[in-house]
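Student: sequence-free structure coming up:
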C-alpha cells in the first residue's frame, strides 16, 4: 500500500450445512455472515455485506484519508 492508501484483508471462512447450503463468514466483521446455494453465491453475498458494513462505518464514524483497498482472502 502506497501513497497514503489503507488496506483491509478480510478472511472468509466457509462451512457446508447438512442441507447443502454454504455458509460464508468474515470473523473480523462480527455479524457478517451469509448463506448461498453454492460457495460462489455465499462468497458474493458475504462480500457485498462486508462492503455495506465498511461503508456504513465510514459514513457514521470517520472517513479514512486517502485511498482504501479491500482484499478478500479465501474467496
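Tutor: That came through, no problem. What you see is a predicted model, and the numbers here were worked out from it, not measured in a lab.
Student: per-residue confidence averaged over stretch 16-26?
Tutor: What stretch 16-26 shows for mean pLDDT is 97.
Student: So for that stretch, first residue to last residue, what's the gap.
Tutor: Terminal residues of stretch 16-26 lie 15 Å apart, using CA to CA, to the nearest Å.
Student: now stretch 28-42
Tutor: Note: stretch 28-42 ends 17 Å apart using CA to CA.
Student: List the buried residues in that stretch.
Tutor: 29, 32-34, 36, 39, 42 (16 or more other CB atoms under 10 Å). No exception for glycine: its C-beta is placed from N, CA and C like everyone else's.
Student: Likewise for stretch 20-29?
Tutor: 22-26, 29.
Student: residue ranges of the strands in this protein, please?
Tutor: Along the chain, the segments classed as strands by DSSP state E run 6-11, 13-16, 22-25, 33-36, 68-73.
Student: can you redo the ones you listed as TSV with distance to residue 59?
Tutor: Shown next, in TSV, are those (distance: least, CB to CB, whole Å):
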stretch	distance to residue 59
strand 6-11	16
strand 13-16	27
strand 22-25	24
strand 33-36	21
strand 68-73	13
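Student: Looking at the buried residues of stretch 28-42, spot the one nearest residue 52.
Tutor: residue 32 (8.9 Å; CB to CB).
Student: Please verify my assumption that the closest one contacts residue 26.
Tutor: Yes - using CB atoms under 8 Å, residue 32 is in contact with residue 26, at 4.4 Å.
Student: list the residues that contact both of the two?
Tutor: 46, 50 (CB atoms under 8 Å, 6 or more residues apart in numbering).
Student: re the thing from before, now for the buried residues of stretch 28-42: which two are most distant?
Tutor: 29 and 39 (19.0 Å).
Student: where are the low-confidence patches of the protein?
Tutor: The model of the chain has pLDDT under 70 over residues 1-7, 61-67, 75.
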